[in-house]
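In: Pasting the sequence and the predicted model now:
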Amino acid sequence: MGWAAEWIEQTKLWVRGAEGEKGDGQHRPLAQRLEATLRRGQEALSPRELRRLLQDMQQVADTALSDVEGGRHAQVLMDWYGKAEAPVRKDFWLLAIEKFGPDAKALQAARERYDKAGSDVERSEAEMSLRRALVSSRTRLLQRFAQPKGGMGFLVDMRAELLALPKADQHYVALDAELEHLFSSWFDVALLELKSLNWDSPASLLEKLIQYEAVHDIRSWADLKNRLDSDRRCYGFFHPRMPNVPLIFVEVALLDKMAGSMAPLLDEAAAAADLAKANTAIFYSISNTQTGLKGVSFGDSLIKHVVETLTQEFPKLKQFATLSPIPGLRSWLSKNGDAALAELDDKQKAALEKVAGGVSAAQLLAALDDPGSLPEKSVVRQAAMFCAARYLGRETAKGRPLDAVARFHLGNGARVERLNWAADLSSKGLKQSMGLMVNYLYDLKRLDKHRSLLAQSKIPVSSEIESLCKG
């Protein structure tokens, strides 16, 4: 899809913001509040305060001011915003949407001109008109908030607030859409820097790793030191305007084989692996740190950059894989397990019924209360492995893998390589997937082939996973 086509889709959101808020019977529309004299009911700001805030915002977006001067005004508003309560901040958002949006009529005319273009030349001219129509004073307002020190983080945090609102609250969708659009350019991978994080990194930065680790909680400084030992690597993407916060980071273990359990990786007493024998890089944790950057994807580029960096440092590395959680497995099994188990043959069903008391998802889950104690040939274990393989290797929605982690790695060209029993017996691991984890393999010679399969709604899997899918 070209830029013009993408922007045409976005105009639905921009126009919605430009049309203005309608009253709901309890709250006056913003236009009425700006013209009023007295505050009504639960309105956060009085009409006078609202008009003053609008003037301050207009100063920030004033075309007669330089970006530097506009940035100074933005800093004052940032300081005010930091002290404002949530209802007051909502008034700020509404002003940004209704008083700084594009001209709805001009935007509609530009869209119609593009739709009616009969030649490549006319279409190119119409696209430029559409671009100009979309550049509103709101765009300039947000750009100038990015000028002061800390301004980029301010905007990212603001969008995180917008994303945290109930889905039914559509008043602020135009502001969210415009921030996401700006972030897609401002946080382009070409503008990010890959940095290696280690035990000698500043303490303030190491604290961020502890704070933002989203897959396997870092329990202590000793735990963190273990994850940054000589046989480990940690890399993060940084933006020059947010130099002290990794936007996303990945933790890597350098081993002589594919990892099948988290316990050895998190064992603080274990000796470091011999780097001379390392032939495998295991990505065992990838964490996004900024909720406000939702929809801005750079995880796939992070892995590519890390693979290139590791290969340069360790030419003997031949295998790149993950040890990943399966966060949606238990939920899927509880809802769809009956249908999956119905595909077992009669012998397997009889064996499972004898041990678990029946062939239902509920009975299987009840029998999995202590997965670490089940031997390899356990009927319950085999049934759970069959279901997990089906979940990862067969189940899709709109042609995409059901599991969020699977969507990420398979979308980057990996394949489902191996299931690992009792690989994560933490409370979180048991709750999400009965302790099961999966290896996704990044075969550098087959990444494009795997993406092609996925585009055809075919999940790329190893022969081992394929065999498990058949029961």
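Out: The structure has been received and is ready for your questions. Numbering: from 1, shown residues only.

In: now stretch 308-327, how far from the chain's geometric center?
Out: Distance of stretch 308-327 from its chain centroid, counting by Cα atoms, centre = their mean, to the nearest Å, is 21 Å.

In: tell me the mean pLDDT for that stretch?
Out: The average pLDDT within stretch 308-327 is 96.

In: Any idea how many residues pack against Asn279?
Out: The local packing count at Asn279 equals 14, with neighbours defined by other Cβ atoms under 10 Å. C-beta coordinates here come from the backbone N, C-alpha and C atoms, glycine included.

In: Equivalent analysis for Lys349, please.
Out: Using other Cβ under 10 Å, Lys349 has 17 neighbouring residues.

In: That one and Phe154, how far apart?
Out: Counting by Cβ to Cβ, to the nearest Å, the separation of Lys349 from Phe154 is 59 Å.

In: Cys234: what secondary structure?
Out: Secondary structure for Cys234, judged by DSSP: H, G, I helix; E, B strand; the rest coil, is strand.

In: ok, it - contacts?
Out: Remark: with contacts taken as Cβ atoms under 8 Å, 6 or more residues apart in numbering, Cys234 is in contact with 196-198, 209, 227-228, 249-252.

In: Weed out the non-buried ones from those.
Out: When burial is judged by neighbour count using 16 or more other Cβ atoms under 10 Å, the buried members of these are 197, 209, 227-228, 249-252.

In: what's the neighbour count on Lys398?
Out: Burial measure for Lys398: 5 neighbouring residues, criterion other Cβ under 10 Å.

In: With Pro87 instead?
Out: Burial measure for Pro87: 11 neighbouring residues, criterion other Cβ under 10 Å.

In: Kindly report the same for Glu268.
Out: 13.

In: Contact partners for it?
Out: Taking Cβ under 8 Å, 6+ apart as the contact definition, Glu268 lies against 222-223, 225-226.

In: hmm, 10 Å instead?
Out: Under the criterion of Cβ atoms under 10 Å, 6 or more residues apart in numbering, the contact list for Glu268 reads 219-220, 222-227, 229.

In: between those residues, which is nearest Arg123?
Out: When the contacts of Glu268 are compared for distance to Arg123, the smallest value, 52.7 Å, is given by Arg227; criterion: Cβ to Cβ.

In: The closest one contacts Leu266, doesn't it?
Out: Yes: in terms of Cβ atoms under 10 Å, Arg227 counts as a neighbour of Leu266; the distance is 7.9 Å.

In: got any residues that touch both of these two?
Out: 216, 218, 253, 284.

In: Now, those residues that are in strands?
Out: Secondary structure assignment (DSSP state E) places 253, 284 from these within strands.

In: which pair in the shared contacts of Arg227 and Leu266 spans the largest distance?
Out: Distance extremes for the shared contacts of Arg227 and Leu266: the farthest pair is Ile218 and Ala253 at 14.7 Å, using Cβ to Cβ.

In: which of the two has more neighbours?
Out: When Ile218 is set against Ala253 and neighbours are counted by other Cβ under 10 Å, the residue ahead is Ala253, at 22 against 19.

In: Give me the phi and psi angles of the closest residue to the more buried one other than its chain neighbours.
Out: Distances taken as Cβ to Cβ, 6 or more residues apart in numbering place Ile282 nearest to Ala253, at 4.5 Å, with adjacent residues excluded. Recorded main-chain torsions at Ile282 are phi -110, psi 120, according to degrees, to the nearest 10.

In: likewise the one 4 residues further on?
Out: The phi and psi values for Ile286, taken as degrees, to the nearest 10, are phi -130, psi 120.

In: Tell me the pLDDT of it.
Out: Predicted confidence (pLDDT) for Ile286: 94.

In: what's the neighbour count on it?
Out: When neighbours are defined as other Cβ under 10 Å, Ile286 has 21 of them.

In: Residue nearest the middle of this protein, spatially speaking?
Out: For the chain, the residue sitting closest to the mean C-alpha position, by Cα atoms, centre = their mean, is Lys294 at 5.1 Å.

In: which residues of the stretch 51-200 of the chain fall in strands?
Out: Using DSSP state E, counting those that start in this stretch, the strands of the stretch 51-200 of the chain run over residues 193-196.

In: With the flanking residues excluded, which residue is spatially nearest to Leu224?
Out: Leaving aside its sequence neighbours, Leu224 is closest to Ile218 (5.1 Å, by Cβ to Cβ, 6+ apart).

In: Quick one: distance of whichever strand or helix holds Lys225 to the chain centre.
Out: Taking DSSP states H and E as the definition, Lys225 sits inside helix 221-227. On the basis of Cα atoms, centre = their mean, helix 221-227 is displaced by 25 Å from the centre of the chain it belongs to.

In: And it, what's buried?
Out: Taking 16+ other Cβ under 10 Å as the neighbour-count basis, helix 221-227 is seen to contain the buried residues 224, 226-227.
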